[in-house]
Every structure is written in structure tokens, then in C-alpha cells.
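# heads up, no residue letters with this:
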């Protein structure tokens, strides 16, 4: 495993580093044959608590992320690692399907902009100025299923991607109810049929067969018998 362990506002000792390596190596061995790349960052917060952020590359362009906070670095990491193992078990079949259909995916460059406000100005009741941070990012070309998988394994609230079905840009995002939403401006998203459209059309009523006329010979014969009876 290609593992990187870093600390922010604290020094990561050899004991903690080895604990991280042993734990993640054993967890990854259950689901992956080839070595994977992982990064673990420990942060000491201002409230003297510790946060462990785990980021693991589990496929081409797919990153599994987990975070946990505790009073000590060890339980902080153990909680995040438990989250990683649980999600790997949940998505292992979908990850296998992704690896089977994996190919060279196209990406398009895009600008990523973050807007943040000034807390001091907001407290004074003035107009909040915007602080803008601009970065470059990549918009991948993905099937909808792969885009949903990336969103579920990562921690981002939304993911923009190019739909190979029609070449337009789509977005998947996390809904407040926990489900995943799909925005497709080009209208290729499946639409529910109305009840009237799903109900089969009624069959036309069968027409009554026209009455057949009596044969001409029978009518003539009947007329002869009637005449003979009258003569007698």
C-alpha cells in the first residue's frame, strides 16, 4: 500500500503511523488484490480534539473519504477506519462492476470558485464582502451509475459530470432526505408515465354479425306449397 500519514498542528509518531498502516492494510486486503494509495491526515483542533481524515483511491477516479473526531488521535482514526470498512463492504459489488467496465475517461477543465464571507463585517451588520478563491478542477465523462458511486464514496455534496449518452453536462447531489438527486438539463433522465398512459386502451366493441338472407330457392319452394294448399 502506498500510504501517506501527515499531521496538522501535531507530530505523528512512529507508533501511530504503524497503527494506521496495519489497520488500513488489513482492511484493503479483503477487497483489493493490487496495492492502493491512501492518505491519512490528523488535525489537532482548537478545542483540543483530534480529527482523522482518510482518503483512499479505490478505483480509476474514485476516492473513498471518511472523517472522525475524538479526544485522542487513535480513536479518531479507528472511527474513520471503521467507516471505511463498512462502506467498502457495502459497495464492493458496485466497485467490481466499475473495474470491469473501466476505460479511459475523458475530462474537461473547469474553474472552481469558492465564496466566503467576513465574520467581522457580518457581526457589525454591514454588507458582507465576498472573498473569492479560484482553482482549477476537472469535469469527468461518466455514466450516471459511476457518478453516483463517486458521490456516495466521497464527501462532496455534489458532482458535475459529462453524460456520454448525449454529451451534455449533468449533476448528482445529496438530498436532505439522504437520497441522491440527478439533474439532467438535456432531459435524458427517465420520466414516470402517467396512469392514463400506462393503462392499456380499451378494445373496441365487437360488431353484431348481419343477419343472412334466406336462400332464393327456399323462398320459391315455400311459395309453391302455400299456393297448392289454397287450391284444395
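That came through, no problem. These numbers come from a predicted model, not from an experiment.
# Any idea how many residues pack against residue 12?
Using other Cβ atoms under 10 Å, the number of residues around residue 12 comes to 16. (C-beta placed from N, C-alpha, C; glycine too.)
# Now for the residue lying closest to it once chain neighbours are set aside: which residues touch it?
Distances taken as Cβ to Cβ, 6 or more residues apart in numbering put residue 5 closest to residue 12, at 5.5 Å, once the chain neighbours are dropped. Residue 5 sits next to 12, 16-17, 20-21, 39-42 when contact means Cβ atoms under 8 Å, 6 or more residues apart in numbering.
# With respect to residue 58, which of these is nearest?
Ranked by distance to residue 58 (Cβ to Cβ), the contacts of residue 5 are led by residue 39 at 12.7 Å.
# can you map out the helices along this protein?
Taking DSSP state H, the helices of the chain run over residues 14-29, 73-100, 119-123, 144-153, 195-198, 216-231.
# Give the rounded mean pLDDT of the longest one.
Just to be clear, that refers to helix 73-100. Averaging pLDDT along helix 73-100 gives 81.
# low-scoring stretches of this protein, by residue?
Within the chain, the stretches with pLDDT under 70 are 35, 59-60, 94-137, 187-232.
# swap the cut-off to 90 and go again
1-2, 9, 26-37, 46-48, 56-65, 84-169, 171-183, 185-232 (pLDDT under 90).
# just to revisit the earlier point, so how far is residue 17 from the residue nearest to residue 12?
5 Å (Cβ to Cβ, to the nearest Å).
# circling back: and the residue nearest to residue 12, bridged to which residues?
residue 40 (DSSP bridges).
# same question, residue 54
What pairs with residue 54, by the bridge criterion (DSSP bridges), is residue 40, residue 66.
# Produce a ChimeraX select command limited to the buried residues of the contacts of residue 5.
Of the contacts of residue 5, the buried ones go into a single ChimeraX selection, burial set by 16 or more other Cβ atoms under 10 Å:
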select :12,16,17,20,39,40,41,42
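# which one of the contacts of residue 5 sits closest to residue 29?
residue 21 (12.2 Å).
# That closest one against residue 2, yeah?
No: here residue 21 does not reach residue 2: they are 10.9 Å apart, not a contact under Cβ atoms under 8 Å.
# can you pull the contacts of residue 173?
Here residue 173 is in contact with 151, 157-159, 180-181, 183 (Cβ under 8 Å, 6+ apart).
# quick check, nearest of those residues to residue 29?
Nearest to residue 29 among the contacts of residue 173, with distances taken as Cβ to Cβ, is residue 151, at 26.1 Å.
# now that closest one: how far from residue 37?
With Cβ to Cβ as the criterion, residue 151 and residue 37 are 20 Å apart.
# So between these two, which is more surrounded?
residue 151 (20 against 13).
# any idea how far residue 24 is from that one?
Distance from residue 151 to residue 24, by Cβ to Cβ: 23 Å.
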